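> Give me coordinates for this.
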Amino acid sequence: MLSATKMSTKGQVVIPKRLREELGLQPGDPLAMAVDGSRLILRKITLDDLLQESERNYREGKTLSHKETFENLT
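Here you go, the predicted model:
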């Protein structure tokens with residue numbers, strides 16, 4: 001499904017209602033963004049994402065505070 005939106009002067013975009021409903025997005029849901037070539041990918045962060053990140057950090061011997069774990073998500 002293709003939808004269009006505009007970016008505000010503050011860099012904000014509105015996710016169209018039908019897309020929010022289709023994806024089950026609610027106000028306050030954490031979202032991850034990535035760049036893939038000229039594409040901006042936006043997706044909801046899941047518990048599985050957080051567990052994988054924690055496991056990766058553990059394997060690498062990194063210990064992070066709660067604040068440090070989430071600061072790169074914003």
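> list the buried ones in the longest helix that the chain contains?
Counting residues, the longest helix in the chain under DSSP state H turns out to be helix 47-59. Across helix 47-59, burial judged by 16 or more other C-beta atoms under 10 Å covers E53. Where you see a C-beta, it was placed from the backbone N, CA and C, and this is true even at glycine.
> pLDDT value on A4, please?
Looking at A4, its pLDDT stands at 88.
> Report how many residues lie close to it.
A count of neighbours around A4, defined by other C-beta atoms under 10 Å, yields 5.
> and if you look at V13?
Residues near V13, counting by other C-beta under 10 Å: 11.
> any idea how far it lies from D49?
21 Å (C-beta to C-beta, to the nearest Å).
> Point out where the chain drops to low pLDDT.
Along the chain, segments meeting pLDDT under 70 span 1, 64, 72-74.
> Point me to the residue sitting closest to the centre of it.
Nearest to the mean C-alpha position of the chain, by C-alpha atoms, centre = their mean, lies A32 at 1.5 Å.
> where along the protein do the helices fall?
Secondary structure of the chain (DSSP H): helices at 17-23, 47-59, 66-71.
> who does the second one touch, helix- and strand-wise?
The contact analysis (3 or more C-beta pairs under 8 Å, 6 or more residues apart in numbering; DSSP states H and E) places helix 47-59 against helix 66-71.
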